[in-house]
Each structure stands twice: as C-alpha cells, then as structure tokens.
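Enquirer: Pasting a predicted model and its sequence here:
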Amino acid sequence: MRGINSLAARLSLLFALVSMLLLGSIGTYLYHSLTREIAWRDDQMLQGRLERLEAILSNGESVDMLQHRSHLYDNMMGNRDNLLWILDNTGQALIEVNPSDLPVPNLPTTNTVRLMETAGPIQARLAWHTFEQDGRPLTLIAGKLLDERNQMLRAYRLRLWFALVIGAFLAFLLGWGVSRHGLQPLRRLVEQANSINIRQLDRRLDVTGEAQEISNLSHGLNRMLDRLEDGFSQLSRYSADMAHELRTPLTNLLGQTQHALRRERSDAEYRQVLESNIEEYERLSRMIDSMLFLARTESPSRQLICDSIDLGELVLQLCEYFEGMAEDGARALINQAHGTAVANHDLLRTALANLIANALRHGSPGTPIHISTMEIGERIKLCVHNHGPIISPDDLTKVFERFYRCDPARSGVVDSGGLGLAIVHSIAQWHDGEVQVESNAEDGTTFSLTLPRANSWRISFLFNGSDEGVRAEK
Amino acid sequence: MRILVVEDEHKTADYLCRGLGESGYSVEIARDGFDAQHLIDESEFDLVILDVMLPGLDGWQLLELIRRRSQVPVLFLTARDAVEDRVKGLELGADDYLVKPFSFVELLARVRTLLRRSPPREREHFRVADLEMDVLRRRVTRKGDRIALTNKEFALLELLLDRESEVLSRTYIASRVWQMNFDSDTNVVEVAVRRLRAKVDDPFTQKLIHTERGMGYVLEDRS
C-alpha cells in the first residue's frame, strides 16, 4: 500500500479488500449452513429408513420373506445412491442393495441408531442399528453415497468464489469512482494553493461550503500562511531597516572623506578624518556582528551547550563590568540575584549585559538599578529594573523587534543599532525561555528574562554553539 | 623576525605587509597556497598569518602541510565566525585565529603574543616616569603620593603598565580586565579609562595614559 501514491487508488484497493473480506465471510457462513442442513436432512432420511425397516420386521415379516418381496424396499431405494444391508450375527448379508459394490461394512453392535461416514475412494454416510428378531440379532444398515452431495457443494463453492471476485472487482471500481469524487475538494484546494505565491501572500484558501475535514485543513493552512506572511513581512522590514541603518555610517564615511579631499589639509585634519572613519567602521562591524548573531538564530543546527550557572556570581561580574558607567550617572547597580539557571554561559551573559546596558542607557541619573531573581516553579525569572522615562504601551510590544527604537532620534555611535533587545529576545528563545517588559510611572521599567532553573528542560537546538566558547586565549 | 602572510586579497595583503613592516617585522607575501608552500620549503619563518579561504591549496590543507614539517606559530584569519571553523583550525594545530573584520591593533597584539615565545614573566614592580606600582602590596604612587584605586582600576593600570608603549584595543582590555570576551556595544572601557585617568593623570601635568583614537589606549612616557 505504501508503494501506491494515489489516495484514490489506495482507497479503492481498501474498498476491494473490505468487500472481499465481507463477501468471503458471508459466503463461508452460508456455505457451512447449507452443508450442515443437507447433512442433517440426509441423516434424518437414513434414520427414517431404518425405522421403517424395523417396523416392517416387527410386524412379523421375516427376513426370508423380505428377500422375496424385494419390491417393498426396491421402491424405497429409488435410485443408485442408496445402500441397504441386513446382516445376521455372523456378518453375512441377508439382504443387500449395493449398486456401487461397496464392501460389507463391519460395524459394532448398537441398540441405538448410530451414524458414520466411510473412508475410502467411494464415500458414503451410513446409519445402523442392531435389532433382535425371534432371538436372533440383525444389523440394519441404511446408507447414502456422498458423491452427488459433494458434487453439488463443489459447484456451489465455485459460484461463491466467482461472486467474491466479481464483487471485489466491482467494489474496486466503485471505490475508485467514489474516491475520485470524494477527493474533488482536495484538488480544488491544490489549485487554490498553487495560486498563492510571494507576491500574493495575503491570499487565503477559500473554505466556504467545503467538507469539515477539508475546511479544517484549509484553516490550518491559512493559519500557517498568516504566520508565514507575518515572518515574511518582518523579514522584508528587517532588510529595509538593515539597509537604512547601514546607510547612516556609510553617509558619514563618504561625506567626511570626500569633504577632506576637496582641498589640501593639515596632517592633523587628515588624521581626524581617518580616526572618525574608524569609529564608523567599528559601528558597521558591530552591526554586522549583531546581524550575523541574529541570522544564526534562524537556522538552528547545533545543540546548545548549557550549564548550571550561579546567577549571583554572573550578575556580580557584570556589575563590576558596568560599575564605572553606573557611577558616572551617580547610579548604583544593586545585585539581588541568587539561585541558578540552566543556560549557555556566554549567551546568558550577553543577554544580561544587554539588559543592564539598556537600563543604564535609559535609567534616570541618581536612581538605582536593581537586578533580582524570582523562582517560579521550575523556572527562574531574572529582572532588571530601572527608574526613568516609561515606555509607552504601543512601544512595549515592539521593543524586542530588530532596529526598533522608542525614540527614533536617539542613535549614538555607541549603540547596538537597535539590535540589543532583539538579541536578548533570541537568546531567551534559544533557551526555551521568554523575555518580558513592564513599564509604568510608579514602578519604573522592568525587563525580565525567564529561564529553566534545573536540568528538567527539553534540549533546544542552536546554530553554531556558543560564540565565545572556543576562543583561543593566549 | 620574519612573518609570512598568506592572503589572496590584494588590499588586505598590502596593508598587512605595510603595517607589520612598520612595526619592525620583515614580511613575505604569498598569494595562494602553492606559493606559500614553496616559500615555507625555501626559508624559515617565525610566524605564519594564514587566510583559510585560499585559491588552489586551501588554508586547512596548507596548515596540515606546515604542521608536518615545523612548529612555526600559525595565526589564521577567517571570515566565518562559525565555531566549527575555529575548532577545526585549532585542532589542526593553529595557535590563534582572528575573525574578519579585525582591527589592526588586535592583530598586532596577537602577533606580539605569539612571537614572545616564552610565557611572559609576572612582574611585581612597574615604573613609568614618576608612576610606580607595587603589585604584591597593591600600592600605586605618583611622585611618591599614594593613589587609591578600585580592584578593576588596579587591574586596568597593571595591564597598561605590563604592555607599556603598546596600543591596546578596547576588546582586548575588556577581555583581560573583566574577562568579558564579547564585543560590547557600550563604552565601558572608555569610562573605565577616563576614571583611571582622573586619578592617575589629571592631577599631574605629565600625562601617561594616551588615547589612540579609533584604536585603543596606550601608557607611555612621552616627555
């Protein structure tokens, strides 16, 4: 069945198979009933014949007389299939009607009527009974050859087989027609699906009036198309944003270099241009790094190497790293983190560093930044909290998108180019975790990263493993 | 010190040649794997800088060939920062690698490290002009006056003193002082250097810590 690709052919074959099974079972049942019925009738007839013979003999007729009055049983026999023996106690046949010349059967004496079938080339069904007349035991045997019966049953069997094959064939043909007709909606679906391409990603499959199974399938496909359209438009937006972001440093590079070359300048001026160029190059390089990092999240191919990480220690390390920046704005980094998370060390550190950098960038001077943890069941939530201008509800849903900036004017040289939070988001997803943000006037802004706490999480697959895992430190 | 640069990109090869030449190394250039193989057979080098994407004989094959005959330090350059590439290179016997684009300062720092064959001796005492550092007693003085530094400021100053007159890139400083070997988007290093300067340089007329704009920082006596 696996070798057959057409659904219609498979269904028709299944139809044929099922019909064959059904017809076969019914045929077998009928055949056996018929066989039993015929056998029962024959047995009744043989027994009746014995009873009549016995009745004749009981009425005082002697066997010798019966021998002479053969018409009594001749017409009883009627045809060549019937057998009759009356045997004396020595096994000698006193009366014998045996057109097929069967040997005289040697049967045990019995007071009740018994039945058996003879073996041998000529099969016969025998009924016998021992009867005493005038103190002398006589064995009455009535029989019937099974030839005719067997022949009839054989013909019947043949007809049954024939009906079975014809039936299965008809079932196959009917099944074929029915399946083709039944699969019509599927073909319509294929036609519709074929008409959808990149330019018409907004098209959907029409489900009105289709069978439930088909409309379920269409709904599923439509939902898939929704997601694809979403991802695709995000991707195109991403490409456009990316090109736009690259334009800014390139404009600076082109402009200031051309400006410098317009006339002779002092060494110091040339030097300044070159130095400024380096800053732009570095910005470009950082952007490309971030983009590559994000691009790799879209083609996960490798297992993420995870350890149990002491969050208190990791945050302490990061607080030391950002200490200077924090103190510059008279801010304090307060480490309230403890517990462990299962994560890739370098990726988690990058994510946390981005969150802390973000808090430092947007937090008001003179207010502390808290980094705390909260255990929720099997997971641990890392929160980075800062006071400062709140993020509007509209922006809250978009802050993790690439190149998204709450304030379009704010894009300094020392900036991730709007990718920092997108990277946090990707890292959270790799770890089967999530990242959230809350922002309101009373509580300030909190970014939280939820990760598995212990080893009871499913393995995520990741692109090229950890980024800094194998850096050669000399 | 002779360095062999195996690089097929002309611009890259040229600037590596000039840059390393100006830093006092004598540089040979090979444009493809076969050239490189020939040059290695002909003469001795102290270091090989190898681009792994080469026409003809590729970088990996060349690396294997080099390793079969000598233990010359090999620094390989790759445009793909896939972990497989790095692992492969290091497994084949390369000593270090850099991912393109890299800064020249970074390259120079790695080259110096590789050529400094014996591991650097831990120094206990530094002196540049009137600045002194006693590592064991964690004491820093300038003109005899004690300067109080935080742990990280001390580590930063120790690094700058240890690599006196060498321009150190921000990335390198971040990796050595904070063990943060990722390229941060923040100006953490700038801020740290500024704060260190406020204590070490600002009160004095002679400045010791200098910014090489676009490259990094250097500590030296320029008087």
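Expert: Looks like it arrived, so ask away.

Enquirer: can you pull out the strands in chain A?
Expert: Secondary structure of chain A (DSSP state E): strands at A:82-87, A:93-97, A:114-117, A:124-133, A:136-145, A:302-303, A:307-310, A:333-336, A:340-343, A:369-376, A:379-386, A:434-440, A:444-452, A:461-462.

Enquirer: Tally up the residues packed near the residue of the stretch 51-200 of chain A found nearest chain B, please.
Expert: When scored by C-beta to the nearest C-beta, the stretch 51-200 of chain A has residue A:198 as its residue closest to chain B, at 28.6 Å. For the C-beta atoms, the positions are set from N, CA and C on the backbone; glycine is no exception. Counted with other C-beta atoms under 10 Å in any protein chain shown, the neighbours of residue A:198 add up to 8.

Enquirer: show me the residues around it that make contact.
Expert: residue A:232 (C-beta atoms under 8 Å, 6 or more residues apart in numbering or on different chains).

Enquirer: Please determine how far it is located from residue A:49.
Expert: 91 Å (C-beta to C-beta, to the nearest Å).

Enquirer: Same question for residue B:219.
Expert: Noted for residue B:219: a distance of 132 Å to residue A:49, by C-beta to C-beta.

Enquirer: Likewise for residue B:152?
Expert: Distance of residue B:152 to residue A:49, given as C-beta to C-beta: 122 Å.

Enquirer: neighbour-wise, which of the two wins?
Expert: Neighbours per residue (other C-beta under 10 Å) separate residue B:152 from residue A:49, with residue A:49 holding more: 20 against 17.

Enquirer: Compute the number of surrounding residues for the closest residue to chain A within chain B.
Expert: Distances between chain B and chain A by C-beta to the nearest C-beta are smallest at residue B:214, namely 2.9 Å. Per other C-beta under 10 Å, the neighbour tally for residue B:214 reads 18.

Enquirer: wait, it sits on residue A:274?
Expert: Yes - if you go by C-beta atoms under 8 Å, residue B:214 and residue A:274 touch, sitting 7.3 Å apart.

Enquirer: Can you tell me the centre-most residue of chain B?
Expert: Most central in chain B under C-alpha atoms, centre = their mean is residue B:109, positioned 1.3 Å from the mean C-alpha point.

Enquirer: ok, now which ones touch residue A:163?
Expert: Applying C-beta under 8 Å, 6+ apart, the residues near residue A:163 are A:23, A:27.

Enquirer: whoops, residue B:64 was the one
Expert: Taking C-beta under 8 Å, 6+ apart, we find residue B:64 in contact with B:92, B:93.

Enquirer: what's near enough to touch the residue of chain A found nearest chain B?
Expert: Going by C-beta to the nearest C-beta, chain B is nearest to residue A:278 of chain A, at 2.9 Å. Residue A:278 makes contact with B:213, B:214, B:215 under the criterion C-beta under 8 Å, 6+ apart.

Enquirer: Looking at pLDDT only, which of those residues scores worst?
Expert: Among these, residue B:214 has the lowest pLDDT, at 81.

Enquirer: Show the contacting residues for it.
Expert: Residues near residue B:214 by C-beta under 8 Å, 6+ apart: A:274, A:275, A:276, A:277, A:278, A:279, A:282.

Enquirer: Same check on residue A:178?
Expert: Residue A:178 is in contact with A:11, A:15, counting by C-beta under 8 Å, 6+ apart.

Enquirer: For the residue nearest to residue A:330 when sequence neighbours are not counted, give me the pLDDT.
Expert: Leaving aside its chain neighbours, residue A:330 sits nearest to residue A:366 (4.9 Å; criterion: C-beta to C-beta, 6 or more residues apart in numbering or on different chains). Note for residue A:366: predicted pLDDT of 89.

Enquirer: Check residue A:216 too.
Expert: Residue A:216 is assigned a pLDDT of 88 by the prediction.

Enquirer: repeat for residue A:455
Expert: 54.

Enquirer: Same check on residue A:250?
Expert: Predicted confidence (pLDDT) at residue A:250: the value is 90.

Enquirer: dump the residue contacts of it.
Expert: A:280, A:284.

Enquirer: chain center to the helix or strand of chain B with the lowest mean pLDDT: distance?
Expert: Lowest on mean pLDDT, DSSP states H and E among the helices and strands of chain B sits helix B:83-91, with a mean of 79. The chain centroid and the centroid of helix B:83-91 are separated by 20 Å under C-alpha atoms, centre = their mean, to the nearest Å.

Enquirer: List the buried residues in it.
Expert: By neighbour count on 16 or more other C-beta atoms under 10 Å in any protein chain shown, the buried set for helix B:83-91 is B:83, B:85, B:86, B:88, B:89, B:90.

Enquirer: do the same with stretch B:207-215
Expert: Those buried within stretch B:207-215 under the rule 16+ other C-beta under 10 Å are B:208, B:209, B:214, B:215.

Enquirer: where does the second one fall, phi/psi-wise?
Expert: With angles defined as degrees, to the nearest 10, residue B:209 shows backbone torsions of phi -90, psi 120.

Enquirer: Tell me what it is bridged to.
Expert: On the basis of DSSP bridges, residue B:209 is bridged to residue B:219.

Enquirer: rewinding a little: okay, the contacts of residue B:214 in JSON lines with pLDDT and distance to residue A:130 next?
Expert: As requested, the contacts of residue B:214 are exported to JSON lines (pLDDT from 0 to 100; distance: C-beta to C-beta, whole Å):
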{"residue": "A:274", "pLDDT": "91", "distance to residue A:130": "133"}
{"residue": "A:275", "pLDDT": "88", "distance to residue A:130": "133"}
{"residue": "A:276", "pLDDT": "89", "distance to residue A:130": "132"}
{"residue": "A:277", "pLDDT": "91", "distance to residue A:130": "129"}
{"residue": "A:278", "pLDDT": "88", "distance to residue A:130": "127"}
{"residue": "A:279", "pLDDT": "85", "distance to residue A:130": "127"}
{"residue": "A:282", "pLDDT": "85", "distance to residue A:130": "122"}
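
Enquirer: Do a quick rundown of the strands in chain B.
Expert: Under DSSP E, chain B gives strands at B:2-6, B:26-30, B:47-51, B:74-78, B:96-99, B:125-128, B:131-134, B:139-142, B:145-147, B:209-212, B:216-219.

Enquirer: Direction included, what does the second one pair up with?
Expert: Here strand B:26-30 has these sheet partners by DSSP bridges: strand B:2-6 (parallel).

Enquirer: quick one: contacts of the strand it pairs with?
Expert: Contact partners of strand B:2-6, identified using C-beta under 8 Å, 6+ apart, comprise B:13, B:16-17, B:20, B:25-30, B:32-33, B:35-36, B:39-40, B:43-51, B:54, B:59, B:62, B:111.
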